[in-house]
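**Student:** coordinates only, sequence not included:
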């Protein structure tokens, strides 16, 4: 009895420590669960253009080490000579005229979901992709791969994957409304253009490359760089009278990557179906913001 | 004495609880510090184009709720009528010629760091920004603001902020090498073009907007959308014979946002100094990947 009573303080102390540890771990667990929920609710947005934000998929950067950066630096600075740069200088009048004409051409661009199956010269597709390849990129990594799908069977497989995932997205998103108003929604997740467009261009960003020693070479800013090159691609398509719709098939990236046999360091950024518009094509009657709403001069 | 001895277990328990709480907090603190270090090492990469990856700065999406998405959806689908869409159809030959000419024009584009102080017509700048504003965007949110700085004093303030931060970046990055080889590095963090270029275009992405009820309206894919519009802007600049360098001043976003009085929902994505190249401008003798290295046909 004396032994037990003399042990009481120690026993009490141990119990208290256990209780505190359990409470603090429980709190931590709570936080992790909350974080997960947040990520989930964030990963099911729906947008008109079907653009999927793949900013989360930014692996590759995590296990970078200074040696890699150092090497990249050295390559860039030490081994490359500088050459004179000249431009074809235009007059003020020519610049104003050309800038106005280019604006008027690009202003006619619209995202078109009704694409005809008429063939388009392959040389034109090669030229617009070469044009996209002139884009600047972080550390001149050129971290893009343009997969051009023209095979009918492959296009249909892509359509099946995308519609399957889109249907799940819509069902999850709309809940009961989806069931009661299927007809209106169908126009959104049925993507006929994936079969009819003569070309599907799937643009992959290379989240990292490889150094000669086989280690990962980080591609900084690969998403911004590849998106910029897509902007140039859109301009090039508009310049030859072709149409497309800027889409990112939600949650389909991994399946499409495997289907198209792209390596693991590539992630799908955008899918552009390319062709002529159908004769009865329509577009939503959207207006663009006027210049004074997008430009500030200081 | 008996009182003290009977209090010992309670006292011991309290002491133990305090020790455990202190230890666990210290551990937590450790983790936070470790996390910060990771973020820091990740946020100070150096790239040729100075492109800063701002994918981390993806707030705004966190406190979205389904009601907002629902509202956006309803606006997009129910209230907008569809109109016929026609294009100016070109012949195959015209398409091939135009696509080739556009490629040759864009292929001459280079990132130029030596920009002359000769004036450029303001109308041209307005037209290229109007052109960038024709870009597609997630849910047609048009989440971009183009801040055009032509005031010499403001340009110099921007230069001061950027060079200050760049110097810190370089010092941190290069460590001792920086001290021993200052001269070579100076060419990288001294950015004279920020003073000499007649215009600095600072492109902000609006990470969220506002609903009529004052609540945040999530701008999905704002970074991809704004990057695409910058690609179109680069094409428009090249089309009129102006040069720029695609840069993202590392860690300067918040200070530049405050300097330019932009609201908190805007984050700096890119800074483009715009003008004519200096007579003695040079560029690194970089080659671009050939088509077969960037295109895959299936």
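**Tutor:** Sure, I can see it. Just so it is clear, the structure is predicted and the values come from calculations on it, not from any experiment. Numbering: from 1, shown residues only, chains lettered A, B, ... in the order given.

**Student:** can you show me the strands along chain A?
**Tutor:** Ranges of strands within chain A are A:82-84, A:144-149, A:199-206, A:208-210, A:216-218, A:266-274, A:282-284, A:295-297, based on DSSP state E.

**Student:** among the ones you listed, which gets the worst mean confidence?
**Tutor:** Of all those, the minimum mean pLDDT falls on strand A:216-218 (a mean of 86).

**Student:** worst-scoring helix or strand of chain A, pLDDT-wise?
**Tutor:** Using mean pLDDT, DSSP states H and E, helix A:66-78 stands out as the lowest-scoring helix or strand of chain A, at a mean of 39.

**Student:** please enumerate the helices of chain A.
**Tutor:** In chain A, the segments counted as helices under DSSP state H are A:2-42, A:66-78, A:92-107, A:122-132, A:152-174, A:176-180, A:182-189, A:193-196, A:222-239, A:253-259, A:291-294.

**Student:** pull out the buried residues from the last one.
**Tutor:** Buried residues in helix A:291-294, defined by neighbour count with 16 or more other C-beta atoms under 10 Å in any protein chain shown: residue A:294. C-beta coordinates here come from the backbone N, C-alpha and C atoms, glycine included.

**Student:** so it, near chain B or not?
**Tutor:** Yes: interface with chain B: helix A:291-294 contributes A:291, A:294 (C-beta under 8 Å from any C-beta of the partner chain).

**Student:** please apply the same query to the third one.
**Tutor:** Yes: using C-beta under 8 Å from any C-beta, a contact is recorded between helix A:92-107 and chain B, made by A:92, A:94, A:95, A:96, A:98, A:99, A:100, A:102, A:103, A:106, A:107.

**Student:** list the residues that contact the fifth one.
**Tutor:** With contact set as C-beta atoms under 8 Å, 6 or more residues apart in numbering or on different chains, residue A:98 has these partners: A:90, B:239, B:240.

**Student:** any idea how far the second one is from chain A?
**Tutor:** Think residue B:239. Going from residue B:239 to chain A by C-beta to the nearest C-beta, to the nearest Å gives 5 Å.

**Student:** not counting its neighbours along the chain, what's nearest that residue?
**Tutor:** Once flanking residues are discounted, residue B:239 sits nearest to residue A:102: 4.9 Å by C-beta to C-beta, 6 or more residues apart in numbering or on different chains.

**Student:** that neighbour: neighbouring residues, count only.
**Tutor:** 24 (other C-beta atoms under 10 Å in any protein chain shown).

**Student:** close enough to count as contact, it and residue B:238?
**Tutor:** No: under the criterion of C-beta atoms under 8 Å, residue A:102 lies out of contact with residue B:238, with a separation of 9.8 Å.

**Student:** I'd like to know how far the closest residue to residue A:156 other than its chain neighbours sits from residue A:116.
**Tutor:** Sequence neighbours aside, residue A:195 is the residue nearest to residue A:156 in space, at 5.9 Å (criterion: C-beta to C-beta, 6+ apart). Distance, residue A:195 to residue A:116, using C-beta to C-beta, to the nearest Å: 12 Å.

**Student:** which one of the two has more residues nearby?
**Tutor:** residue A:116 (19 against 15).

**Student:** surely the more buried one meets residue A:276?
**Tutor:** Yes: taking contacts as C-beta under 8 Å, residue A:116 lies within contact range of residue A:276: 4.7 Å.

**Student:** for chain B, what's its nearest residue on chain A.
**Tutor:** Nearest residue of chain A to chain B (C-beta to the nearest C-beta) works out as residue A:231 at 2.0 Å.

**Student:** give me the nearest residue to that residue, chain neighbours excluded.
**Tutor:** residue B:231 (2.0 Å).

**Student:** then residue A:114?
**Tutor:** Residue A:114's closest residue in space is residue A:281 (C-beta to C-beta, 6+ apart), at 3.8 Å.

**Student:** output the below-cut-off pLDDT ranges for the stretch 101-250 of chain A.
**Tutor:** A:173-188 (pLDDT under 70).

**Student:** one more time with 50, if that's ok
**Tutor:** With pLDDT under 50 as the threshold, the stretch 101-250 of chain A has low-confidence stretches at A:178-179, A:182-186.

**Student:** so what's residue A:283 bridging to?
**Tutor:** When assigned by DSSP bridges, residue A:283 has beta-bridge partners residue B:83.

**Student:** I meant to write residue A:200 there.
**Tutor:** Under the criterion used (DSSP bridges), residue A:200 bridges to residue A:149, residue A:273.

**Student:** quick check: it vs residue A:248, distance?
**Tutor:** Applying C-beta to C-beta to residue A:200 and residue A:248 gives a distance of 13 Å.

**Student:** next: residue A:158.
**Tutor:** Applying C-beta to C-beta, the value for residue A:158 to residue A:248 is 13 Å.

**Student:** the two: which is more packed in?
**Tutor:** Ranked by neighbour count (other C-beta under 10 Å), residue A:158 and residue A:248 place residue A:158 first, with 25 against 22.

**Student:** touching, that one and residue A:200? I think so.
**Tutor:** Yes: judged on C-beta under 8 Å, residue A:158 makes contact with residue A:200 at a distance of 6.3 Å.

**Student:** what do those two both touch?
**Tutor:** A:149, A:194, A:271.

**Student:** what about the nearest residue to the second one once chain neighbours are set aside, distance to residue A:247?
**Tutor:** I take that to be residue A:194. Nearest residue to residue A:194 in three dimensions, chain neighbours excluded: residue A:159, at 3.7 Å (C-beta to C-beta, 6+ apart). Here residue A:159 is placed at a distance of 12 Å from residue A:247 (C-beta to C-beta).

**Student:** also residue A:215?
**Tutor:** The value you get for residue A:215 to residue A:247, if C-beta to C-beta is used, is 34 Å.

**Student:** these two - which one has more neighbours?
**Tutor:** residue A:247 (24 against 15).

**Student:** so the more buried one makes contact with residue A:270?
**Tutor:** Yes: with contact defined as C-beta under 8 Å, residue A:247 counts as touching residue A:270 (6.8 Å).

**Student:** who are the contact partners of the residue nearest to residue A:156?
**Tutor:** Per C-beta under 8 Å, 6+ apart, neighbours of residue A:195: A:152, A:155, A:156, A:159.

**Student:** which residues touch the residue nearest to residue A:133 when sequence neighbours are not counted?
**Tutor:** Leaving aside its sequence neighbours, residue A:133 sits nearest to residue B:294 (C-beta to C-beta, 6+ apart; 5.0 Å). For residue B:294, the contact set (C-beta under 8 Å, 6+ apart) comprises A:129, A:133, A:142, A:144, A:145, A:146.

**Student:** gap between the last one and residue A:246?
**Tutor:** For residue A:146, the distance to residue A:246 (C-beta to C-beta) stands at 14 Å.
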